[in-house]
Every structure is written in C-alpha cells, then in structure tokens.
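>>> Structure of the sequence below:
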Amino acid sequence: MTIEEIRQKAEEMAALYNPEGLSPFPFENILKAHSDLRLLLNQNMPDDNLSGVAGFMPEKGVFVIIVNGNRSSPKRHFIAAHALGHYFLHREQAMRNTFNDKDSIFESIGVSQLRDELPRTRFEIEANAFAISLLMPAGLVKRAWEKLHSVQECAELFSVPLEAMAVRLTRLGLVN
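Sure thing, here's the model as predicted:
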C-alpha cells in the first residue's frame, strides 16, 4: 500500500469507529468490533525507552497491544493508534515478529514517503501515517483549525502529541 492508501484506510476506519467525531478517539469501539484484539496499559515496562509492544499470541489467538502507561495521555493515544496500524496493516508480519516500538517511533512521524532501506522502518512509517489519519481525520482537523488557529490547542483537542498535530496540519496545507 502507498502512504496515501494507508491514510485513506485510516480515515475510513475513523469514520466507521468514531462516527460522532469524539476526541480523544474511542479505542473501545475498535476493541468491541475485533474480538481478537487486546489493548493494555503497563506501568512497568521493562525498558524505559519502550513506548509499546504489539504482537500476536498464537496460544490465545489474539493480537495484543501493550502501551507504556508512564507516557503522557497524548503519547499513549498515539502509541495505541500506531500499534493499531500494525494490527490493520502488518498483521502477517506481526504473527511472526513482535513490534517493540521505542520512543524513536516519533522520529518518523514527519516522513511522508516510504523508505526502502529497512522493511522495519517502512512498517513504522506506515503505522505512523495510519495513526495520524485515524486520530486526526482531515475534516475534523480542518474544522478545528478554522476555530482555533493554534497547533497547541488543536493537539490538546485531539489529545495527540504536539509534533503529530503539527505534521497533520502541515500535510493538510493549513500551516507551513
């Protein structure tokens, strides 16, 4: 899939699982619809730089997402949406390998093109593109920007990291 196709898929899922446009995103709607998916918060991650873990547990037949509960609420939302990107986009790979997402996943938020150096890098970029569009659908962001004209206030409204909102507003051509 291209990045644009991933963004479109995430926008469609945002409309399906959040038709009211609630903020923060109601992850429980996705969990209700996918019985093979678990989303957990863990306050005691073994690695301080670990943001989250996503992988398949074959013995239980479930895809498990563990989010570092010590992160701020906006980062936890983004980490969960990023891991959902792995669930919806990279399920086949996740059945073979666990995605251990370090805090550095945020470094690829601003990358708009696929890079072919490492498949892992591509997966992270795709998961970030998915997360951005899922949490911040274009129509909702445009309406919020028209009223607020503040990156900080928009980030707070959508409960996402400031850098993620800045990237979304830039991609939508609302800021430079």
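
>>> Show me where this protein has its helices.
3-17, 27-33, 73-89, 91-96, 119-135, 138-148, 151-158, 162-171 (DSSP state H).

>>> Lowest mean pLDDT across these, which one is that?
Across the helices of the chain, helix 91-96 has the smallest mean pLDDT, namely a mean of 77.

>>> what does that one contact?
By C-beta atoms under 8 Å, 6 or more residues apart in numbering, the residues outside helix 91-96 that reach it are 54-56, 58, 63, 86-87, 119, 123. For every residue, glycine as well, the C-beta is placed using N, CA and C.

>>> hmm, back to that, go through the helices of the chain and name the closest to N44.
N44 lies closest, by C-beta to C-beta, to one member of the helices of the chain: helix 73-89, at 14.9 Å.

>>> Which one, of the helices of the chain, ends up nearest to L41?
helix 73-89 (7.2 Å).

>>> Next, count neighbours for P161.
P161: 20 surrounding residues under other C-beta atoms under 10 Å.

>>> List only those of the contacts of helix 91-96 flagged as buried.
Among the contacts of helix 91-96, those buried by neighbour count (16 or more other C-beta atoms under 10 Å) are 54-56, 63, 86-87, 123.

>>> Please report how far the residue in the chain sticking out farthest from the centre lies from E28.
For the chain, the largest distance from the centre (C-alpha atoms, centre = their mean) belongs to E59, which lies 26.1 Å off. E59 sits 25 Å away from E28, going by C-beta to C-beta, to the nearest Å.

>>> can you tell me which two in the contacts of helix 91-96 are farthest apart?
Going by C-beta to C-beta, the pair spanning those furthest: P58 and P119, at 21.6 Å.

>>> Just list whatever residues bridge to F99.
For F99, the beta-bridge partners are A54 (DSSP bridges).

>>> residues contacting it?
Neighbouring residues of F99 by C-beta under 8 Å, 6+ apart: 53-55, 83, 86, 90, 123, 127.

>>> okay, those residues in JSON lines with distance to L40 next?
Listed next are the contacts of F99 as JSON lines, based on distance: C-beta to C-beta, whole Å:
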{"residue": "V53", "distance to L40": "9"}
{"residue": "A54", "distance to L40": "11"}
{"residue": "G55", "distance to L40": "12"}
{"residue": "A83", "distance to L40": "11"}
{"residue": "H86", "distance to L40": "15"}
{"residue": "H90", "distance to L40": "19"}
{"residue": "F123", "distance to L40": "21"}
{"residue": "A127", "distance to L40": "18"}
